[in-house]
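J.: build me a structure from this.
(one chain, ligands or ions: 1)
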Amino acid sequence: MIRKVFFAALVSAFAFPGAGLAQSDYPNKPITVIVPFAAGGPTDVVARILGEHMSRTLGQQLVVENVGGAGGTTGMTRVATAAPDGYTLGVGNMGTQSAAPALYPTLKYNPATSFDQIGIANYTPQTIVAKKDTAAKNLKEFLAYLKDNSAKLSYGHAGVGSISYVSGTVFNSQFGFKPALVAYRGTAPALNDLVGGQIDYMVDQSLNVIPQIKGNTIKAYAVAAPARLEALPDVPTTKELGVDFIFSAWNAMVAPKGTPKAIVDKLVDALNKALDDPNTVKRYVELGSTPPEAADRGPAGLQKLVESEMARITPVLKAAMAAEPEKK
Ligand code: MLT
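T.: Purely as a prediction, here's the structure:
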């Protein structure tokens, strides 16, 4: 038996002479981080905050590549099918990593099995926002306005399967609103059009909309969360307004399935160091985001979140789509 194990080790050392070294000197060149949405949006901002810190820990640049399209599934498919060598990573989100399979029957990846999970990056509540000249003075008036006018209005989102699509689908179907849906490659370009008045409303991450709310270029009606955000003290929550709509978004870092454990461990450690940095914590507070608790960090915490979110959101989406088959 011992002889057999020794022989197997010998064979593998000859067959893959550089494998051990490649892991121990990892990373020895820049790492590509695929962000499956447009630059400047929530996923991109989080990837750049964490990537900048992780570059310092790992001694190599993490270079963000924005690969938008199909609600983020184009970019995440690229991650899932990349060489599992630690040099291609992805930052996905609640949409790409839990909702997409319910909306794309031929999706080429499964969020629970096609990746080596690195860890949860952050949680951020969705916020109900509208273009600046919307007359409704508060959420109650806005819901009443949508009830009578939604068929003439447009809702902007980051593509079928993105968080803004999923949260909008749940919001619109819950209240019976039927706006025209306008897809973008991310919520950064969607928000530009909301500011410009080309679209009427969005349910988007506080991370994306806080600067525009503070600059009064859009109107905020509520944060879809149980508690007010430190960054938006004047914006009420859906909970305090008695509106039954709470929606939390999240981002997460992943690697292609089969990435050597020694490499995943280095990435997990670098991500955790980035999350603990006081500058990250400060940026997160400014953006209305929260880092994961220590107990939820790393691959196990993310795997659990992906599985529970897939189980939670799939029936919700299917029910919403069944109510509006033309939106499929
Ligand atoms: C989403 O709605 O999924 C995100 O806001 C997309 C993005 O990061 O732009």
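J.: what about Pro260, distance to Gly197?
T.: Distance, Pro260 to Gly197, using CB to CB, to the nearest Å: 51 Å. The C-beta positions use only the backbone N, C-alpha and C, and glycine is treated the same way.
J.: against Asp244, how distant is Pro256?
T.: In this structure, Pro256 lies at 39 Å from Asp244, with CB to CB as the measure.
J.: what does Asp277 give?
T.: Spatial separation of Asp277 from Asp244 under the definition CB to CB is 37 Å.
J.: and the two? Which one has more around it.
T.: Asp277 (18 against 8; other CB atoms under 10 Å).
J.: check contacts around the more buried one.
T.: Listed by CB atoms under 8 Å, 6 or more residues apart in numbering, the contact partners of Asp277 are His53.
J.: separation between it and the ligand?
T.: Distance from Asp277 to the ligand, counting by CB to the nearest ligand atom, to the nearest Å: 22 Å.
J.: give me the pLDDT for that residue.
T.: Asp277 is assigned a predicted lDDT (pLDDT) of 98.
J.: and Asn216, by the same measure?
T.: pLDDT for Asn216: 97.
J.: please report phi then psi for it.
T.: Recorded main-chain torsions at Asn216 are phi 60, psi 30, according to degrees, to the nearest 10.
J.: report the secondary structure state of Phe37.
T.: State at Phe37, reduced to three classes by DSSP: H, G, I helix; E, B strand; the rest coil: coil.
J.: which residue, other than its chain neighbours, is closest to it?
T.: In space, and not counting its chain neighbours, Phe37 is closest to Gly186: 3.5 Å by CB to CB, 6 or more residues apart in numbering.
J.: list the contacts for the one you found?
T.: For Gly186, the contacting residues are 37-41, 43-44, 66, 68, 158, 162, by CB under 8 Å, 6+ apart.
J.: mark which of these are buried, thanks.
T.: By the neighbour-count criterion of 16 or more other CB atoms under 10 Å, the contacts of Gly186 include these buried positions: 37-41, 43-44, 66, 68, 158, 162.
J.: so which of the residues you listed also contact the ligand?
T.: Near the ligand, taking CB under 6 Å from any ligand atom as the test, the members of those found are 37-38, 41, 43, 158, 162.
J.: what's the closest non-adjacent residue to Glu230?
T.: For Glu230, the spatially nearest residue (CB to CB, 6+ apart) is Val285, at 5.6 Å.
J.: hang on, that neighbour in a helix?
T.: Yes: membership of Val285 in a helix is supported by three-state DSSP.
J.: what about it, distance to Ile210?
T.: Taken as CB to CB, the span from Val285 to Ile210 is 11 Å.
J.: need the residues touching each of these two.
T.: With contacts taken as CB under 8 Å, 6+ apart, Val285 and Ile210 have Ala231 as neighbours in common.
J.: between these two, who's got more neighbours?
T.: With other CB under 10 Å as the criterion, Val285 and Ile210 differ in neighbour count, and Ile210 comes out ahead with 22 against 13.
J.: burial count for Asp63?
T.: One thing to correct before we go on: residue 63 is Val, not Asp. Burial of Val63 is recorded as 11 neighbouring residues (other CB under 10 Å).
J.: enumerate every residue touching it.
T.: Contacts of Val63 were listed using CB under 8 Å, 6+ apart, and they are 30-33, 51.
J.: at 10 Å what do you get?
T.: 30-33, 51, 55 (CB atoms under 10 Å, 6 or more residues apart in numbering).
J.: for Thr217, same thing?
T.: 131-132, 191, 194-196, 209, 211.
J.: what of Tyr109?
T.: Neighbouring residues of Tyr109 by CB under 10 Å, 6+ apart: 73, 76-81, 90, 92, 96-97, 100-101, 115, 254, 256-257.
J.: mind telling me what element it is part of?
T.: For Tyr109, there is no enclosing helix or strand under DSSP states H and E.
J.: also the one 10 residues further on?
T.: When elements are defined using DSSP H and E, Gly119 is found to belong to strand 115-131.
J.: give me phi/psi at Thr113?
T.: Reported as degrees, to the nearest 10, the phi and psi values for Thr113 are phi -130, psi -10.
J.: skipping adjacent residues, who's closest to it in space?
T.: Beyond its immediate neighbours in the sequence, the residue positioned closest to Thr113 (CB to CB, 6+ apart) is Lys257, lying 7.0 Å away.
J.: is it true that that neighbour touches Gly90?
T.: No: counting by CB atoms under 10 Å, Lys257 sits too far from Gly90 to count as a contact (11.8 Å).
J.: neighbour count winner among the two?
T.: For Lys257 versus Gly90, the count of surrounding residues by other CB under 10 Å is larger for Gly90: 31 against 15.
J.: got the contact list for the more buried one?
T.: Contact partners of Gly90, counting by CB under 10 Å, 6+ apart, are 32-36, 43, 47, 65, 67, 72, 75-80, 82, 96-97, 109, 115, 118, 252-256.
J.: what about the helices in this structure?
T.: Assigned by DSSP state H, the helices in the chain fall at 2-15, 19-24, 42-58, 73-80, 100-103, 139-149, 163-175, 187-196, 206-214, 261-276, 278-287, 298-323.
J.: using a markdown table, lay out the ones you listed together with distance to Glu230.
T.: Written out in a markdown table, the entries for these read as follows (distance: least, CB to CB, whole Å):
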| stretch | distance to Glu230 |
| --- | --- |
| helix 2-15 | 53 |
| helix 19-24 | 41 |
| helix 42-58 | 17 |
| helix 73-80 | 31 |
| helix 100-103 | 31 |
| helix 139-149 | 20 |
| helix 163-175 | 21 |
| helix 187-196 | 21 |
| helix 206-214 | 11 |
| helix 261-276 | 18 |
| helix 278-287 | 6 |
| helix 298-323 | 24 |
